[in-house]
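# Sequence and predicted structure, then a few things I'm wondering about:
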Amino acid sequence: MSYSRVRRRLPVVTFIALIFLLSLFTLMYKLYSPILVSNANMKSTARLKDSFTAATLLSSNCTRMPVWTKGEYKFFDDRYSNISTIWSSKHKEMTPEALQWWLRIQQSKDTFSTSDLRNLVGKLLEIIPDVMPYATNVSNRCLQCAVVGNSGNLRDSRYGQLIDSHDYIMRMNTAKTVGFEKDVGSRTTHHFMYPESFVEVIGETKFVLIPFKPLDVSWLISALTTGTIVRTYMPVRKQINVSKKMIEVYNPAFMYYVHKTWNELHGRYPSTGMLVLLFAMHICDQVNVFGFGATSKGNWDHYYQPPVEPSLEKDSAFKLTGVHNAEFETDIVKQLEEIGKITVYRGSRV
């Protein structure tokens with residue numbers, strides 16, 4: 001081939017080579033940039049306090065490995081097990097150890113046996129759906145969940161739109177949204193309560209009962225039927241107006257797993273916040289946490305109540321009673337945040 005012909009073809013070859021390199025660079029960028037961005041922003045994201053839009057969250061879809069992914073951190077791998085979060089006929093058994101612990105946490109009768117447990121669950125599942133509605137460890141899915149506590153650090157946080165952009169929004173106890181939408185959002189998909197903290201749920205919100213004792217399950221059965229139970233250790237609702245198909249019961253065996261494996265037996269039993277956080281980590285792919293955090297004296301204040309002057313605040317009742325170990329739970333949450341399993345939004349208190 002003559003020199004002149006080579007010279008004429010050189011621009012064409014150069015152009016083809018440039019197209020190939022540009023395509024290769026684009027492919028590599030798509031594969032690796034989400035991982036790099038996620039790792040670089042993981043710690044700074046947790047400390048953001050400013051107002052957010054829904055696009056802020058949705059733009060980060062699937063940029064983190066699913067929360068249930070194992071093989072990265074020993075701290076997580078040693079603790080995480082695929083245990084059913086919800087009671088069903090397939091997941092109703094409890095070990096003798098777990099059953100005895102469950103009976104002790106609120107001083108239930110020691111005469112309650114495994115046979116009694118099966119009968120109780122059987123009666124329950126004649127009334128509410130006997131299903132396990134959550135698929136776990138699903139590849140190619142990005143189910144985003146917001147766990148929303150009731151801490152006073154949500155005041156003036158402007159997290160409402162961000163919280164509402166999640167697939168599942170989990171609230172607990174006497175959480176309120178009306179009048180606080182700018183800070184806490186308006187949507188709720190799951191509301192976790194026990195008999196003594198029950199408030200009405202509306203629309204397509206699931207009521208998830210956390211049973212701290214067998215009587216709590218009996219109360220639910222009664223509240224949906226005869227209305228004969230009106231008191232536990234305090235007066236409770238005689239009947240509730242909740243669609244039966246929208247009711248789930250937290251698995252006490254899962255509760256014991258949280259207490260033993262994650263809380264390492266600290267406190268008498270886990271706080272509601274800890275129970276809901278671990279619930280989310282076992283059914284969701286990405287978990288963001290809002291409204292967790294005590295005051296400087298360790299009290300769990302509420303965004304929907306007037307703040308207490310620091311000079312008038314008393315020491316935390318939980319430190320005195322030992323029911324929950326808030327300091328240990330806070331440390332667990334911090335470690336989960338540091339290894340990128342969750343993101344914590346701290347609101348008005350950093």
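Structure's in. What do you need? Numbers count the residues shown, from 1 in each chain.

# Now for the nearest residue to Asn241 once chain neighbours are set aside, how many residues are close by?
Closest residue in space to Asn241, ignoring its immediate chain neighbours: Glu200 at 6.5 Å, by CB to CB, 6 or more residues apart in numbering. All C-beta spots, glycine's among them, are computed from the backbone N, C-alpha and C. Per other CB atoms under 10 Å, the neighbour tally for Glu200 reads 11.

# residues in contact with Glu200?
Residues in contact with Glu200 (CB atoms under 8 Å, 6 or more residues apart in numbering) are 240-242.

# Glu97 now?
Tyr256.

# Repeat that for Thr188.
Taking CB under 8 Å, 6+ apart as the criterion, Thr188 is in contact with 169-171, 175, 177, 201, 205.

# ok, 7 Å please
Thr188 sits next to 169, 171, 177, 205 when contact means CB atoms under 7 Å, 6 or more residues apart in numbering.

# From Met170, how far out is it?
8 Å (CB to CB, to the nearest Å).

# Check Leu275 too.
To Met170, Leu275 is 10 Å away according to CB to CB.

# Serialize the contacts of Glu200 to TSV and add fields for distance to Pro129 and pLDDT.
As requested, those are exported to TSV (distance: CB to CB, whole Å; pLDDT from 0 to 100):
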residue	distance to Pro129	pLDDT
Ile240	16	97
Asn241	18	95
Val242	13	95
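
# can you put those in CSV and add secondary structure, distance to Val138 and neighbour count?
What follows is those, written out as CSV (DSSP: H, G, I helix; E, B strand; the rest coil; distance: CB to CB, whole Å; neighbours: other CB atoms under 10 Å):
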residue, secondary structure, distance to Val138, neighbour count
Ile240, coil, 32, 19
Asn241, coil, 34, 10
Val242, coil, 28, 20
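
# wait, which of the residues you listed is closest to Asp116?
Distances from Asp116 to the contacts of Glu200, taken as CB to CB, are shortest for Ile240 (23.8 Å).

# Strands along the stretch 51-200 of the chain, start to end?
144-148, 168-172, 190-193 (DSSP state E, counting those that start in this stretch).

# what about these, which gets the closest to Gly322?
Closest to Gly322 of these, according to CB to CB: strand 168-172, at 21.0 Å.

# neighbouring contacts of the closest one?
Residues outside strand 168-172 that contact it (CB under 7 Å, 6+ apart): 143, 145-150, 163, 185, 187-192, 272-273, 276, 280, 284.

# Neighbouring strands - and their directions - for that strand?
strand 144-148 (parallel), strand 190-193 (parallel) (DSSP bridges).

# for that strand, what is the average pLDDT?
Averaging pLDDT along strand 168-172 yields 98.

# which of the strands paired with strand 168-172 is buried the deepest?
strand 144-148 (a mean of 26; mean count of other CB atoms under 10 Å).

# Which residue, other than its chain neighbours, is closest to Thr228?
Thr228 sits nearest to Ser222 (CB to CB, 6+ apart), 5.2 Å away.

# Show me what secondary structure element comes after the helix or strand encompassing the one you found.
Using DSSP states H and E, the element containing Ser222 is helix 214-224. Using DSSP H and E, the helix or strand that directly follows helix 214-224 along the chain is strand 247-249.

# Who does that following strand pair with, and is each partner parallel or antiparallel?
Sheet pairing of strand 247-249 (DSSP bridges) gives strand 206-209 (parallel).
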